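Novice: The following block contains a protein sequence and its predicted model.
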Amino acid sequence: MSMKLLIPVASGLEQITKRQLFTLGYEKAPADNGRIEVEGDWLDIARLNLFLRSGERVLILLARFHAETFDELFDGVYALPWEEWLTADSQILMDGKSVQSKLAAIKAAGGVAKKAIIRRLADKAKSKRQTFTETGARSIVGVSIFKDEVSITLDTSGEGLHKRGYRSLAYSAPLKETLAAGLIDSTFYNPDKDVQKPFADPFCGSGTLPIEAAMKALHIAPGKNRDFDFTAWRCTPNGVLAQAKDEAFALEKHDIKPVILASDINPQAISIAKYHAKKAGVDKYIRFSVADATQFKSTDKYGVLVSNPPYGERLGEEKEVQALMGAFGKAFRALEDWNGYILTSLPEFERWFGKTADKKKKLFNANLVCGFYSYFGKPPKLQDEKKGEKNV
Ligand SMILES: C[S@@+](CC[C@H](N)C(=O)[O-])C[C@H]1O[C@@H](n2cnc3c(N)ncnc32)[C@H](O)[C@@H]1O
């Protein structure tokens, strides 16, 4: 059964997620309004939930229709074959948003849509005395209205896909895992090509970036340690997640030795990061240390540094952060041919860091507008060519 699947993506990560989809074999994946659309069956749903690194969730698009009134919304929702998707005990949760539409009160619209679903289930039930207990599997129904066009979706993921299952300890200002994975995929870190090229995060906090980098290097499916809502639905064919998990295990590479360096000045951060890495099954592939990022050095000629240093949001921290960025910039510039990528909300970052970025991209980190600043070292090939020239 082929279905239309929608993958909501954070602003700025659309192209990266499309590239991830392409690598997974989904060549046609148009993006619209923060959602990428692909065609797929139940096995695709399992695969996408399991393998996607930067998508936020996987939704089944059940219908799209025009509605300007609650009656039109009710009729559009009632017309769908809910009895094929839900059961009398389904726990139906409503989610949604409305943008530039006459049905602006989204809570009320969700209430109307839920009434239409229950009415449909009641009308199709064998017994007219059927009760709806909502004690069974969770089904999150999305009602999203944009310019009076309604999309009705079923959320196959449940918890957002950033919840990989490895990050259980609290830490201040951690990066969302889906964002961290997207940042890594936008860099020149390519462990399949050069597994020895180091990856470093000298402000690693709870470890999100190095853990995601290790998972990428080892081809570990990000969703392998968690469950998804669709597995508990009666309409889901048996064994699809198990089949996708078998594929995922077969792809893992544990016999490689990536060089992944994770450090932070705070010893508590390092013990949290180590714990998370262990839960993710990648602790033995990451070299952790308590260290000051301003002292970061490497004997490796090439490497990839990806980090989100402190933003210094509290009052009085600005001068401190300015000095930190200055000293860190100096340490980074000493690494001649490394590529550096910094995510920060500091408006003066480049000036404080002491270098204008080769590329800048606007991204959001927990609703904070940030810049993702890329600094490119000379690529190894160019270097070798130069060396060759000298030798002639
Ligand atoms: C925004 S947090 C990084 C969060 C991390 N990406 C995560 O996902 O958990 C910034 C980190 O920089 C660390 N830090 C502050 N000053 C530092 C310094 N001079 N050297 C190394 N780490 C430092 C803090 O301890 C904090 O963990």
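Specialist: Structure's in. What do you need?

Novice: Would you mind listing what in the stretch 151-300 of the chain touches the ligand?
Specialist: 171, 173-175, 202-206, 208-209, 264-266, 269, 292-294 (Cβ under 6 Å from any ligand atom). For glycine as for every other residue, the C-beta is placed from the backbone atoms N, C-alpha and C.

Novice: Now do the SS call for the closest residue to the ligand within the stretch 151-300 of the chain.
Specialist: Residue nearest to the ligand within the stretch 151-300 of the chain (Cβ to the nearest ligand atom): residue 205, separated by 2.7 Å. What DSSP: H, G, I helix; E, B strand; the rest coil gives for residue 205 is coil.

Novice: So what's the residue count around the closest residue to it other than its chain neighbours?
Specialist: Among residues not flanking residue 205 along the chain, residue 269 sits closest, at 5.1 Å (Cβ to Cβ, 6 or more residues apart in numbering). Residues contacting residue 269 under the criterion other Cβ atoms under 10 Å number 22.

Novice: With residue 93 instead?
Specialist: Count around residue 93 with other Cβ under 10 Å applied: 16.

Novice: That one contacts residue 138, doesn't it?
Specialist: Yes - under the criterion of Cβ atoms under 8 Å, residue 93 makes contact with residue 138 at 6.3 Å.

Novice: Only the C-alpha atoms, please, for the helix or strand that contains residue 115, written as PDB.
Specialist: Per DSSP states H and E, residue 115 falls inside helix 106-124. The C-alpha coordinates for helix 106-124 follow below in PDB (Å, rounded to 0.1, in the frame of the first residue of the first chain):
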ATOM      1  CA  ILE A 106      -6.600  25.600  16.100                       C
ATOM      2  CA  LYS A 107      -7.700  24.100  19.500                       C
ATOM      3  CA  ALA A 108     -11.300  24.400  18.500                       C
ATOM      4  CA  ALA A 109     -10.600  23.000  15.100                       C
ATOM      5  CA  GLY A 110      -8.800  20.000  16.700                       C
ATOM      6  CA  GLY A 111     -11.900  19.500  18.900                       C
ATOM      7  CA  VAL A 112     -14.200  19.500  15.800                       C
ATOM      8  CA  ALA A 113     -11.900  17.100  13.900                       C
ATOM      9  CA  LYS A 114     -11.800  14.700  16.900                       C
ATOM     10  CA  LYS A 115     -15.600  14.800  17.200                       C
ATOM     11  CA  ALA A 116     -15.800  13.900  13.400                       C
ATOM     12  CA  ILE A 117     -13.400  10.900  14.000                       C
ATOM     13  CA  ILE A 118     -15.300   9.500  16.900                       C
ATOM     14  CA  ARG A 119     -18.600  10.000  15.000                       C
ATOM     15  CA  ARG A 120     -17.200   8.100  12.000                       C
ATOM     16  CA  LEU A 121     -15.900   5.300  14.200                       C
ATOM     17  CA  ALA A 122     -19.300   5.100  16.000                       C
ATOM     18  CA  ASP A 123     -21.200   5.000  12.800                       C
ATOM     19  CA  LYS A 124     -19.000   2.300  11.400                       C
END
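
Novice: Residues in contact with that helix: which ones?
Specialist: The contact list for helix 106-124 (Cβ atoms under 8 Å, 6 or more residues apart in numbering) reads 70, 73-75, 77-78, 80, 82-83, 86, 88, 92, 94-98, 103, 128, 130, 132, 141, 143, 145, 152.

Novice: any idea how far it is from the chain center?
Specialist: Distance, stretch centre to chain centre, for helix 106-124: 31 Å (Cα atoms, centre = their mean, to the nearest Å).

Novice: do the same with stretch 257-275
Specialist: With Cα atoms, centre = their mean, you get 21 Å for stretch 257-275.

Novice: Buried residues in that stretch, which are they?
Specialist: 258-265, 269-270, 272-273, 275 (16 or more other Cβ atoms under 10 Å).

Novice: Over to stretch 276-284?
Specialist: 276, 277, 279, 280, 281, 282, 283.

Novice: Let me have these in JSON lines, extended by secondary structure and pLDDT.
Specialist: Formatted as JSON lines, those follow (DSSP: H, G, I helix; E, B strand; the rest coil; pLDDT from 0 to 100):
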{"residue": "276", "secondary structure": "helix", "pLDDT": "98"}
{"residue": "277", "secondary structure": "helix", "pLDDT": "98"}
{"residue": "279", "secondary structure": "helix", "pLDDT": "97"}
{"residue": "280", "secondary structure": "helix", "pLDDT": "97"}
{"residue": "281", "secondary structure": "coil", "pLDDT": "96"}
{"residue": "282", "secondary structure": "coil", "pLDDT": "97"}
{"residue": "283", "secondary structure": "helix", "pLDDT": "97"}
